[in-house]
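>>> when you get a sec, could you give me coordinates for this:
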Amino acid sequence: CVCLIALLLIGGAAYGAVRYVDGRIQQLNQDRVADTGAVSPVSMEAESPISQMANLQLNPRSGELLDPTEIYELATQQVVGISTEVTSPNAFGQMVTGAISGTGFIISSDGYILTNNHVVEKAYKENLKVTVMLYDGTEYEAEIIGVEGDNNDIAVLKIDASGLNAATLGNSDDMKVGESVYLVGNPLGELTYTMTAGIVSALDREIAAEQDASVNMFQLDAAVNSGNSGGPVYNSRGQVVGVVTAKYKSTGVEGLGLAIPINDAGEMVE
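Okay, here's the model as predicted:
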């Protein structure tokens, strides 16, 4: 089976989170593919602001094709850095403080943020401080609103802010193999707001998680490194179609990243 393993790589004083896949990747059976659809509309009367946000953002607006520089400019307004101060032993057994760093992106103008569960898992379990940093350097302490950690690796954070530029969420069911995608994240926890590009390499990859349940992901060949976890996958219209979650780790393997389709992530957010 395929297992997902959270690994922390040391990068100076910071730590970058990403999940590594090591094993056999299976294609989803056709029955499961047929059952995968767009997120159901959510009533605007719903009490949860997350539900309201999901309804608005998962109805993608049509947009013109953007060049990579325009997508990057958009991403700098939507992508955030996420860090959690933790204390852990170093190689000599001494307790040192570092930051587990990952990526997230804004999904509502009033400060809801989507990321991976494994980026904030330790903070969630141990009630540690989570800090979100915007492109201009502004920092906010974040509240962990909820996590989907057993199988799906999604978390929602909230910062006390308003007037933010929320990402437009596209329809991942419309993705085709070969189309261009762009990632913006914080590899190694230090190289903030790095952009990488590639194509959708395959759809409907079935990845076994810790509880022997399968997670539907799509494959891409854009560079994914420690710290990219939780970042957005943009299509050529500047719409987010996925959440960067894992990479395949094996000797001689390159350019094999994995992301959760945004339609699936949207259901988890709700």
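
>>> please identify the helix or strand for Arg237.
Counting by DSSP states H and E, no helix or strand carries Arg237.

>>> next, count neighbours for Thr138.
11 (other CB atoms under 10 Å). The way it works is simple: take the backbone N, C-alpha and C, and place the C-beta from them, glycine included.

>>> nope, Leu65 is what I meant
Residues near Leu65, counting by other CB under 10 Å: 11.

>>> same check on Lys129?
Lys129: 11 neighbours (other CB under 10 Å).

>>> my read: it touches Glu85, true?
Yes - using CB atoms under 8 Å, Lys129 is in contact with Glu85, at 5.8 Å.

>>> alpha carbons of stretch 258-268, as CSV, please.
Output in CSV follows, covering the C-alpha atoms of stretch 258-268 (Å, rounded to 0.1, in the frame of the first residue of the first chain):
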residue,chain,number,x,y,z
LEU,A,258,0.5,15.5,-5.4
ALA,A,259,-2.4,17.9,-4.6
ILE,A,260,-5.9,17.5,-3.2
PRO,A,261,-8.5,18.7,-5.8
ILE,A,262,-10.1,22.0,-4.6
ASN,A,263,-13.6,20.5,-5.0
ASP,A,264,-12.7,17.8,-2.5
ALA,A,265,-11.0,20.4,-0.2
GLY,A,266,-14.1,22.6,-0.4
GLU,A,267,-16.3,19.9,1.0
MET,A,268,-13.9,19.4,3.9
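
>>> let me know the average pLDDT across that stretch.
Per-residue pLDDT over stretch 258-268 has a mean of 92.

>>> once you drop chain neighbours, what's closest to the residue nearest the centre of the chain?
A centroid search over the chain (CA atoms, centre = their mean) returns Gly230, at 2.3 Å, as the residue closest to the centre. Nearest residue to Gly230, sequence neighbours excluded (CB to CB, 6 or more residues apart in numbering): Thr115, at 3.3 Å.

>>> wait, what's in contact with Leu157?
By CB atoms under 8 Å, 6 or more residues apart in numbering, the contact set of Leu157 is 82, 104, 112-115, 120, 130, 132, 142-145.

>>> so where's the chain shaky on pLDDT?
1-63, 90-91, 100, 150, 208-213, 248-252 (pLDDT under 70).

>>> quick check: beta-bridge partners of Val243?
With DSSP bridges as the criterion, Val243 is bridged to Ile260.

>>> start the count at 30 instead of 1 going forward.
All set: I'll call the first residue 30, so the last point we hit is now Val272.

>>> so it touches Leu287, yeah?
No - the criterion here is CB under 8 Å, and Val272 misses it with Leu287 at 10.1 Å.

>>> more neighbours: which of those two?
Neighbour count, other CB under 10 Å: between Val272 and Leu287, Val272 has more, with 28 against 24.

>>> what residues are up against that one?
Leu143, Thr144, Asn145, Ile183, Gly259, Gly260, Pro261, Val262, Ala288, Ile289, Ile291, Ala294.

>>> next one: it relative to Pro261, how far apart?
7 Å (CB to CB, to the nearest Å).

>>> equivalent analysis for Val270, please.
8 Å.

>>> who's more crowded, these two?
Using other CB under 10 Å, the more surrounded residue of Val270 and Pro261 is Pro261, with 29 against 26.

>>> who's in contact with the more buried one?
Pro261 sits in contact with Ala104, Gln107, Val108, Phe134, Ala196, Leu212, Val213, Val269, Gly271, Val272, Val273, where contact means CB under 8 Å, 6+ apart.

>>> what's the closest of the residues you listed to Leu220?
Leu220 has its nearest neighbour among the contacts of Pro261 in Val213, at 11.3 Å by CB to CB.

>>> give me the element the closest one is part of.
Per DSSP H and E: strand 209-214 holds Val213.

>>> just Leu103 next, same as before
helix 97-105.

>>> buried stuff in that helix?
For helix 97-105, burial by neighbour count (16 or more other CB atoms under 10 Å) applies to Ile100, Tyr101, Leu103, Ala104.

>>> from Ile291, how far out is the first one?
Which is Ile100. Taking CB to CB as the measure, Ile100 falls 16 Å from Ile291.

>>> the last one now?
Using CB to CB, one gets 15 Å for the distance from Ala104 to Ile291.

>>> so Tyr153, which state does it fall into?
helix (DSSP: H, G, I helix; E, B strand; the rest coil).
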